[in-house]
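Asks: what would the 3D arrangement of this be:
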Amino acid sequence: MLRIVDKAMAVLLALGAVGHTLGSIKAFGDQPVQLLWALSASALIILVGAVNLLRTSRHGDRTLAWLAAFGSLSWLVASMAFGVVINNLIDLRVVIFALLSGGLLAASVRDAVVKPKA
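Replies: A predicted model of the protein is given here:
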């Protein structure tokens, strides 16, 4: 059951990147510098989701689990920093990305520190 939730969080994070991309194009379509940075964040979100999805299929790969943990932590910090910048830590965008990133961080650290069953 935990693996299904783990995979679902990774997929939802990657799907969140689609929403982030569309919102970024709408908000910054006429501002190429800001759009570039926003789309860079979308690329990070997709990458973090993909690495976590790969981690769920590679039990015992502790290096991949630590990489996924670092990526998840990075997006968690970026999401929270966005909430601070907009002065609204309970903004739905912040909450969703923070919950998904935090969940994936916890699952990644679990996979990194727990020895696989023989």
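Asks: residues contacting residue 70?
Replies: Residues near residue 70 by Cβ atoms under 8 Å, 6 or more residues apart in numbering: none. The C-beta positions use only the backbone N, C-alpha and C, and glycine is treated the same way.
Asks: which stretches of the chain have low pLDDT?
Replies: For the chain, applying pLDDT under 70 flags the ranges 116, 118.
Asks: quick one: the helices in it?
Replies: Assigned by DSSP state H, the chain shows helices spanning 2-28, 32-57, 62-85, 92-113.
Asks: if you count contacts, what does the first one end up packed against?
Replies: Okay, so that is helix 2-28. helix 32-57, helix 92-113 (3 or more Cβ pairs under 8 Å, 6 or more residues apart in numbering; DSSP states H and E).
Asks: how distant is that helix from the center of its chain?
Replies: How far helix 2-28 lies from its chain's middle: 8 Å, per Cα atoms, centre = their mean, to the nearest Å.
Asks: the last one too?
Replies: Mean-position distance between helix 92-113 and its chain equals 7 Å (Cα atoms, centre = their mean).
Asks: packing partners for it?
Replies: Applying 3+ Cβ pairs under 8 Å, 6+ apart, one finds that helix 92-113 contacts helix 2-28, helix 32-57, helix 62-85.
Asks: tabulate those helices (a markdown table), appending distance to residue 108.
Replies: Conversion of the helices and strands packed on helix 92-113 to a markdown table gives the following (distance: least, Cβ to Cβ, whole Å):
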| stretch | distance to residue 108 |
| --- | --- |
| helix 2-28 | 9 |
| helix 32-57 | 6 |
| helix 62-85 | 4 |
